[in-house]
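>>> Dropping a prediction and its sequence here:
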Number of protein chains: 2
Amino acid sequence: MASTRDQIIETTCTLLEAHGYHATGLNQIIAESGSPKGSLYYYFPKGKEELTAAAVERSGRLVEQNIRAGLANIEDPAQAIASFVRSIARGVELSNFSAGGPLTMVAMETVNSSERLNLACRQAYGWLCDAFAEKLLAGGFTPERAASLATFVVSAIEGGIILSRTNHNGDPLRQVAVELGAYLRSTPKT
Amino acid sequence: MASTRDQIIETTCTLLEAHGYHATGLNQIIAESGSPKGSLYYYFPKGKEELTAAAVERSGRLVEQNIRAGLANIEDPAQAIASFVRSIARGVELSNFSAGGPLTMVAMETVNSSERLNLACRQAYGWLCDAFAEKLLAGGFTPERAASLATFVVSAIEGGIILSRTNHNGDPLRQVAVELGAYLRSTPKT
DNA sequence: TTGATATTATACCAACCGGTCTATATAATG
DNA sequence: CATTATATAGACCGGTTGGTATAATATCAA
């Protein structure tokens, strides 16, 4: 059974992903998690910011695991990444375009208003880039190429999610999958 | 001299870009634009949603113009786009990471909460894609290739802006410029 | 059983939100 | 000049926000 604290974080992750930071109210979190406000402030004395930081960290770790797991089945990095992006497209569609990019909104909403959340998001994005970079490294790319390409991959996916959610259509992400796959297949490894 | 209405829209664009939809208050808009609330509701009787829709449209048109202007000086699409992305990186840095992607946040924040704003953002993103697609078309790509690549380009840039703003560093966008340029140079035009 | 600690449960608060209201300038028009 | 539309000005409203205070209740060691 999940502890009250975990339940609160989990609920926060879901709401942040769907509605963003400023549109997610503490009252909504306690209502959906079934915990009273007293518990929330017991576990997160500094309030919304601290809770969100924990949620961002959790989401980041979760996405990182998803990436590693999603890339593990196919050896060739180009094919593995293309296939993974297609699976994101399906996930976004299945969620009715309310999932995908749990970090994006918090990252953008708090860039200039919360140092703490900015750092949490920066760290989380680092984990995602690292996960891709390691796959590329294992596929024979040099460390420098792997790092630059990983940033590129995360950028393209992030943007693809935005377009797919906005258009209520998984196709933009699928086009990203196609082009990204083609590029990774053709670009030199050094 | 800008009319009161234009002044309100312009202020709204700036605030939306920096803080997003839910963090931008009507009181803040009227304070910074110097117009009283009565004028705001005179020009936008339906309130915040209507005003934001106007701001999104304006931002979309403005970005579209920037793209066309930015791509006009270099004939080769790959070089032109790479150069344009580098100029975005400079712009993001110069704004202290509070500019870039005026549509992103509104698009994400309102995907499932405002049909009207969702449509406005969808339309605006369409304009951006079209601007890139036309450059690619002029560069010899087939219409289908141009459309798919344009979506890819917008995705990568959008994501690059997120990473650059989050990391308070223009380099992610510059890496996007490098990889995007390399891919567009090497990918077949049919 | 007792006492201390950990946790839950609400009542409450000032501040702010988007939105409505009425009153008043200002300008164009008969 | 009188009248009418346009536009400005800001007080005000109910509801919600994040956050605080305090009391009740589990939990468990001694």
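That came in fine, so what should we check first? Numbers count the residues shown, from 1 in each chain, chains lettered A, B, ... in the order given.

>>> who touches the spatially most central residue of chain A in this structure?
The structure's chain A has its C-alpha centroid closest to A:Gly101; by C-alpha atoms, centre = their mean the separation is 4.3 Å. Shown in contact with A:Gly101 (C-beta atoms under 8 Å, 6 or more residues apart in numbering or on different chains): A:Glu17, A:Glu158, A:Ile161, A:Ile162, A:Arg165, B:Met108. For every residue, glycine as well, the C-beta is placed using N, CA and C.

>>> any chance of those residues in JSON lines, with neighbour count, distance to DNA strand D and pLDDT too?
Output for the contacts of A:Gly101, formatted as JSON lines (neighbours: other C-beta atoms under 10 Å in any protein chain shown; distance: C-beta to the nearest atom of the strand, whole Å; pLDDT from 0 to 100):
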{"residue": "A:Glu17", "neighbour count": "21", "distance to DNA strand D": "16", "pLDDT": "97"}
{"residue": "A:Glu158", "neighbour count": "26", "distance to DNA strand D": "25", "pLDDT": "98"}
{"residue": "A:Ile161", "neighbour count": "28", "distance to DNA strand D": "24", "pLDDT": "98"}
{"residue": "A:Ile162", "neighbour count": "30", "distance to DNA strand D": "23", "pLDDT": "98"}
{"residue": "A:Arg165", "neighbour count": "28", "distance to DNA strand D": "22", "pLDDT": "98"}
{"residue": "B:Met108", "neighbour count": "24", "distance to DNA strand D": "17", "pLDDT": "97"}
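
>>> that older thread, before we move on, what SS does the residue nearest to the centre of chain A have?
Three-state assignment for A:Gly101 (DSSP: H, G, I helix; E, B strand; the rest coil): coil.

>>> and which of the contacts of A:Gly101 is nearest B:Arg122?
A:Arg165 (10.2 Å; C-beta to C-beta).

>>> For the closest one, give me phi and psi.
Main-chain dihedrals, A:Arg165, degrees, to the nearest 10: phi -70, psi -50.

>>> need the residues of chain A near DNA strand D, please.
Residues of chain A lying near DNA strand D by C-beta under 7 Å from any atom of the strand: A:Thr24, A:Gly25, A:Leu26, A:Asn27, A:Gln28, A:Lys37, A:Gly38, A:Tyr41, A:Gly47, A:Lys48, A:Glu49.

>>> What residues does chain A have near DNA strand C?
A:Thr4, A:Ser35, A:Pro36, A:Lys37, A:Gly38, A:Ser39, A:Tyr42, A:Tyr43.

>>> just to revisit the earlier point, now do the residue nearest to the centre of chain A against DNA strand D, distance only.
20 Å (C-beta to the nearest atom of the strand, to the nearest Å).

>>> Do I have it right that A:Leu15 meets A:Ile29?
Yes - here A:Leu15 reaches A:Ile29: they are 6.3 Å apart, a contact under C-beta atoms under 8 Å.

>>> Between these two, which has more neighbouring residues?
A:Ile29 (23 against 19; other C-beta atoms under 10 Å in any protein chain shown).

>>> How about chain A: which residue is closest to DNA strand D?
A:Gly47 (2.5 Å; C-beta to the nearest atom of the strand).

>>> which one is that residue nearest to, not counting chain neighbours?
A:Tyr41 (6.7 Å; C-beta to C-beta, 6 or more residues apart in numbering or on different chains).

>>> CA atoms only: put the helix or strand encompassing A:Asp130 into CSV for me.
According to DSSP states H and E, A:Asp130 maps onto helix A:115-138. Taking C-alpha atoms only, helix A:115-138 is exported to CSV below (Å, rounded to 0.1, in the frame of the first residue of the first chain):
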residue,chain,number,x,y,z
GLU,A,115,15.0,28.9,-8.5
ARG,A,116,14.3,25.6,-6.7
LEU,A,117,11.8,24.3,-9.3
ASN,A,118,14.0,25.5,-12.1
LEU,A,119,16.9,23.4,-10.7
ALA,A,120,14.7,20.4,-10.2
CYS,A,121,13.6,20.6,-13.8
ARG,A,122,17.1,21.1,-15.1
GLN,A,123,18.2,18.0,-13.2
ALA,A,124,15.3,16.0,-14.5
TYR,A,125,16.0,17.0,-18.1
GLY,A,126,19.6,16.0,-17.5
TRP,A,127,18.5,12.5,-16.6
LEU,A,128,16.5,12.2,-19.8
CYS,A,129,19.4,13.4,-22.0
ASP,A,130,21.8,11.0,-20.2
ALA,A,131,19.5,8.0,-20.9
PHE,A,132,19.5,8.7,-24.6
ALA,A,133,23.2,9.6,-24.6
GLU,A,134,24.1,6.2,-23.1
LYS,A,135,22.1,4.3,-25.7
LEU,A,136,23.9,6.3,-28.4
LEU,A,137,27.3,5.7,-26.8
ALA,A,138,26.6,1.9,-26.6
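
>>> which other residues reach that helix?
Outside helix A:115-138, the residues that reach it (C-beta under 8 Å, 6+ apart) are A:21, A:49-50, A:52-53, A:56-57, A:59-61, A:63-64, A:67-68, A:71, A:77, A:80-81, A:103, A:106-107, A:110-111, A:143, A:145-147, A:149-151, A:153-154, A:184, B:163, B:166-168.

>>> Of those residues, select the buried ones using a PyMOL command.
Restricted to buried positions by 16 or more other C-beta atoms under 10 Å in any protein chain shown, the PyMOL selection for the contacts of helix A:115-138 reads:
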select buried, (chain A and resi 21+49+50+52+53+56+57+59+60+63+64+67+71+77+80+81+103+106+107+110+111+145+146+147+149+150+151+153+154+184) or (chain B and resi 163+166+167)
